[in-house]
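Participant: Next one to model:
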Amino acid sequence: MSDVDARRITEGALARVGLSSAAWREVPVDSSVLGPTSASTEPRFVMQLIVPEGADGDLESRLFVARKLVEHASELYAASCSANVLIFKGMLTAPQLRQYFTDLSDQSMRTAIAVVHSRFSTNTLPRWELAQPFRYIAHNGEINTVRGNRNWVAAREGMMQSDLLGDLAPLLPVCTPGGSDSGSFDEVLELLHLAGRSLPHAMMMMIPEAWENHAQMDPERRAFY
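Facilitator: Numbering: from 1, shown residues only. Prediction:
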């Protein structure tokens, strides 16, 4: 896909949610730090899109919808599509992150908080888009019930609705085929949150109590548990 086609698809998705692009910025990277495996699959199109200031409505939800439309219409992948969070990710070691994305060494970059997460891939082959962190979580470990969880979500997609997100049909499936267990968790959490639930509420839905009789436990044990 050419850069022109990528921009056309992205701007078309933005238009569908009432947004437009103010500018496109090429993200500076230093490819010389990559090893042979990582370099062989390095993304060809690494860009930042700047949306005009003052967009009305729930900007995060609208950007989410636009990103999903782009993902379903093309092979493009957006590490982040948010007015609040900027994500840098790749098939990189922790020290390589700042070396590869030279913005991270720029003294003019400022942030209130930064989270760095790095781990080896276990149940999926490493890929640039599967690198941690995801958009709402940084998760270690494996989810043993991942197939059942994905099936439960897929079985409910026909009943899903949201006043904030509008028609959800173009955004389905919720879980990207071929993604990792952590990636699927992140996608479902993102949908629940941007559809109107608070993050604590959505997390309690995602990770229910471990034992159905927990309320009968000794208070001290329950607090410890």
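
Participant: can you give me the strands for this protein?
Facilitator: 23-26, 47-50 (DSSP state E).

Participant: what's the closest of those to Gln99?
Facilitator: Counting by Cβ to Cβ, Gln99 lies closest to strand 23-26 out of the strands of the chain; the figure is 17.8 Å. In short, each C-beta sits where N, CA and C put it, glycine included.

Participant: Show me what that closest one is in contact with.
Facilitator: Under the contact criterion Cβ atoms under 8 Å, 6 or more residues apart in numbering, strand 23-26 has outside partners 7, 46-50.

Participant: try 7 Å this time
Facilitator: If you take Cβ atoms under 7 Å, 6 or more residues apart in numbering as the criterion, strand 23-26 is touched by 7, 47-50.

Participant: re earlier: Asn149: which of the strands of the chain is closest?
Facilitator: So among those, strand 47-50 is nearest, using Cβ to Cβ, at 31.8 Å.

Participant: what helices or strands is the closest one leaning on?
Facilitator: strand 23-26 (3 or more Cβ pairs under 7 Å, 6 or more residues apart in numbering; DSSP states H and E).

Participant: and the strands of the chain as a markdown table, adding distance to Thr41?
Facilitator: Listed next are the strands of the chain as a markdown table, based on distance: least, Cβ to Cβ, whole Å:
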| stretch | distance to Thr41 |
| --- | --- |
| strand 23-26 | 19 |
| strand 47-50 | 18 |
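
Participant: winner for burial among those strands?
Facilitator: strand 47-50 (a mean of 14; mean count of other Cβ atoms under 10 Å).

Participant: Considering the strands of the chain, which stretch scores lowest in mean pLDDT?
Facilitator: Here those differ in mean pLDDT, and the lowest is strand 47-50 at a mean of 84.

Participant: distance of the residue most central in space within the chain from Pro173?
Facilitator: Nearest to the mean C-alpha position of the chain, counting by Cα atoms, centre = their mean, stands Arg135 at 3.4 Å. The gap separating Arg135 from Pro173 is 17 Å, by Cβ to Cβ, to the nearest Å.

Participant: Next: Arg119.
Facilitator: Arg119 is 25 Å from Pro173, where distance means Cβ to Cβ.

Participant: before we move on, what about Leu63?
Facilitator: 19 Å.

Participant: who has more neighbours, the two?
Facilitator: For Leu63 and Pro173, the more surrounded residue by other Cβ atoms under 10 Å is Leu63, and the numbers stand at 24 against 13.

Participant: Hmm, the more buried one is touching Asn84, no?
Facilitator: No - with contact defined as Cβ atoms under 7 Å, Leu63 does not count as touching Asn84 (9.7 Å).

Participant: Give me the nearest residue to Ala154, chain neighbours excluded.
Facilitator: Distances taken as Cβ to Cβ, 6 or more residues apart in numbering place Pro173 nearest to Ala154, at 6.3 Å, with adjacent residues excluded.

Participant: No further queries at this time; thank you.
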